[in-house]
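[1] sequence plus the predicted model coming up.
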Amino acid sequence: MERVFWLAVCSVSVYGCYCVCKATMEAFQQRSVSFVPETTYLGWNTGFPAVTVCEKYNRHKIWELAERTYPNADTSTLSNLAMYLGDMIYYKGKCNNCNKHCSGSTKCPGDILQLAKKVFTNCSSLLGNCYWNSVQFDCCENFYPELTPYGICYTINSLQTTKKNVAYHKTVDLISNKLTGPGRLEFNTFEDSELHVHSPEDAFHFGHQVEPDLESKDRGNSYTIYFRIMEIANDVSLAGLGVSQRGCLLPFENPLTTYKFYSSSACITECQAMAQLKLCGCVHQYTQVKGPGRTCDLEGILCIHRYSEALYEITATGLPELNVTCNCITPSCSEPEYTFITTVPVELNNNAWSHYTLQMLSLPSVRYRRNVVRSKLDLVVSIGGAVGLFLGASLISAVELIMYLCVRRTPRNA
């Protein structure tokens, strides 16, 4: 009877220990992180969004390039070349005129990137009068050229662009706090341009959504754009958890090969490049890709054009219709959220330039924070407590058991 009693007690204890340890492991795997608002805002340094300026289509520049490229061509040939160059240099993912205007006697040039550099305005001629919180800075020391799917643009405050050596260049730090007040960025553009405001980690891809009020701005106007920012802060011990536990990727966990920092948009951009390689065996000259891969000739561009609608539809999970899989569903741990309040346009007396002002409406008084509520140390303590409570075991008990099995039971030589 005594044996039955102790067998029942031990069985219940083992089962209870198993249930508690199982619940502890499930909580560690699924509920290790809390996502809560934080309001201790007095000491915060708040970042600023990245701003990308892309030059709009300019038919006069395209026609001049066609005349310089083929000085002896007749008007009909130049017209065909201009249509082709317009589609290729100001690329939008499609080339409707390639097959039509590059046939017969018309031989269209293939080195589009080099031709684009002759068309797109350089930084000093595109941007000027840059101010951060009413303090002037050198535009071209801070706006860096970036190759996007739509051509050569200029970006400030992007993590994806190649930074100049700060020891020899005066770069501006776009940080706002209680000493500086809400951030305010101002600059002029001297060509018709498109303005894109986005996260510093973002990269452009076909189908990338931007604020509709910030596109297609012509010279002769002043635009003031008001926005709010919601940042995300992360616990320093977040790196000790797995990606599945925290549900996001930290900056140093970058699985991409083309971009220096991970974001969902950068991942989709790289996935679209891999899809171009898979479907057509080449990539457009504006597409950034590392490793093996060739730049498309006219035949390859026509192939990409045939799949252009599908390439636009590629999402974070890919596109099953093309058998394209993208592992981009995991967001970045630090990517902020921007809310654009309004854009106030004012007509200028001079149409030689446009003026842009990006104004943070106010310093944020709340941000989200990822806190680690169950670390690996908490897991060890919880499991150790459960084993001690139900089984009366400890680390010393385990060592004693090993000693008993391996040492004391070994017969001694007489």
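    Looks like it came in fine.

[2] where does Leu126 fall, phi/psi-wise?
    phi -90, psi -40 (degrees, to the nearest 10).

[3] now do the helices in the chain.
    2-30, 59-69, 75-89, 98-101, 112-119, 123-126, 243-246, 264-280, 298-306, 308-312, 376-391, 395-403 (DSSP state H).

[4] show me which residues of the fifth one are buried.
    When you say that, I think you mean helix 112-119. By 16 or more other Cβ atoms under 10 Å, the buried positions in helix 112-119 come out as 112, 115-116, 119. Using the backbone N, CA and C atoms, a C-beta is placed for each residue, glycine as well.

[5] of the residues you listed, closest to Ser32?
    Ala116 (48.3 Å; Cβ to Cβ).

[6] look up the closest residue to the closest one, ignoring the ones flanking it.
    Ile89 (4.8 Å; Cβ to Cβ, 6 or more residues apart in numbering).

[7] in contact with the one you found: list those residues for me.
    62, 65, 112, 115-116, 119-120, 151 (Cβ atoms under 8 Å, 6 or more residues apart in numbering).

[8] can you tell me which of those lies closest to Thr24?
    Nearest to Thr24 among the contacts of Ile89, with distances taken as Cβ to Cβ, is Gly151, at 54.6 Å.

[9] about what we covered before: now the two most distant members of the buried residues of helix 112-119.
    Ile112 and Val119 (10.0 Å).

[10] residues touching Thr342, list them.
    By Cβ under 8 Å, 6+ apart, the contact list for Thr342 reads 225-226.

[11] for Leu195, see how far away it is.
    According to Cβ to Cβ, to the nearest Å, Thr342 and Leu195 sit 15 Å apart.

[12] which of the contacts of Ile89 sits closest to Tyr262?
    Looking across the contacts of Ile89 and measuring by Cβ to Cβ, the closest to Tyr262 is Gly151, at 24.3 Å.

[13] specify the beta-bridge partners of that closest one.
    Thr148 (DSSP bridges).

[14] sorry, back to before: of the contacts of Ile89, the lowest pLDDT goes to which?
    Checking pLDDT across the contacts of Ile89, the minimum falls on Ile112 at 81.

[15] tell me who's in contact with that one.
    Contacts of Ile112 (Cβ under 8 Å, 6+ apart): 88-89, 285-286.

[16] got it, and Asn157?
    Taking Cβ under 8 Å, 6+ apart as the test, what Asn157 contacts is 47-51, 142, 174, 200.

[17] report the beta-bridge partner residues of the residue lying closest to Ile232 once chain neighbours are set aside.
    Distances taken as Cβ to Cβ, 6+ apart put Tyr368 closest to Ile232, at 4.9 Å, once the chain neighbours are dropped. Counting by DSSP bridges, Tyr368 forms beta bridges with Pro37, Ile232.

[18] measure the closest residue to Ile175 other than its chain neighbours to Glu186 for me?
    Nearest residue to Ile175, sequence neighbours excluded (Cβ to Cβ, 6+ apart): Asn45, at 5.1 Å. Using Cβ to Cβ, we find Asn45 at a distance of 21 Å from Glu186.

[19] okay, these two: which has more neighbours?
    Shown here are Asn45 and Glu186; by other Cβ atoms under 10 Å, Glu186 has more neighbours (18 against 12).

[20] report pLDDT for the more buried one.
    For Glu186, the predicted pLDDT is 95.

[21] hmm, it is touching Thr357, no?
    Yes - applying Cβ atoms under 8 Å as the test, Glu186 and Thr357 come out as touching, 4.9 Å apart.

[22] Arg59 and Ala82, how far apart?
    Taken as Cβ to Cβ, the span from Arg59 to Ala82 is 7 Å.

[23] of the two, give the one with the bigger neighbour count.
    Ala82 (19 against 11).

[24] the closest residue to that one other than its chain neighbours: what's it in contact with?
    Nearest residue to Ala82, sequence neighbours excluded (Cβ to Cβ, 6+ apart): Ala66, at 4.6 Å. Ala66 sits next to 73, 78, 81-82, 85 when contact means Cβ under 8 Å, 6+ apart.

[25] just to revisit the earlier point, out of the contacts of Ile89, which comes closest to Arg294?
    Ile112 (13.9 Å).

[26] what's the most distant pair in the contacts of Ile89?
    Farthest pair in the contacts of Ile89, by Cβ to Cβ: Leu65 and Gly151, 13.5 Å.

[27] look up phi and psi at Asn58.
    phi -130, psi 100.

[28] tell me the pLDDT of it.
    pLDDT at Asn58 comes out at 87.

[29] the one 3 residues further on now?
    On pLDDT, Lys61 comes in at 89.

[30] what do you get for Ile232?
    Ile232 carries a pLDDT value of 90.

[31] for Thr69, what are its contacts?
    Thr69 neighbours (Cβ under 8 Å, 6+ apart): 81, 109, 115.

[32] and if you look at Asn188?
    Counted by Cβ under 8 Å, 6+ apart, Asn188 has contacts 127-129, 353-356.

[33] how about the residues you listed in a markdown table, adding distance to His305 and pLDDT?
    Shown next, in a markdown table, are those (distance: Cβ to Cβ, whole Å; pLDDT from 0 to 100):
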| residue | distance to His305 | pLDDT |
| --- | --- | --- |
| Leu127 | 32 | 94 |
| Gly128 | 37 | 93 |
| Asn129 | 40 | 94 |
| Trp353 | 35 | 88 |
| Ser354 | 32 | 90 |
| His355 | 37 | 91 |
| Tyr356 | 33 | 93 |
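
[34] just the buried ones from those?
    127, 353-356.

[35] okay, the residues you listed in TSV with distance to Glu191 next?
    Formatted as TSV, those follow (distance: Cβ to Cβ, whole Å):
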residue	distance to Glu191
Leu127	9
Trp353	9
Ser354	9
His355	14
Tyr356	13
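
[36] and of the residues you listed, the nearest to Pro182?
    Using Cβ to Cβ, those come closest to Pro182 at Tyr356, 16.4 Å.
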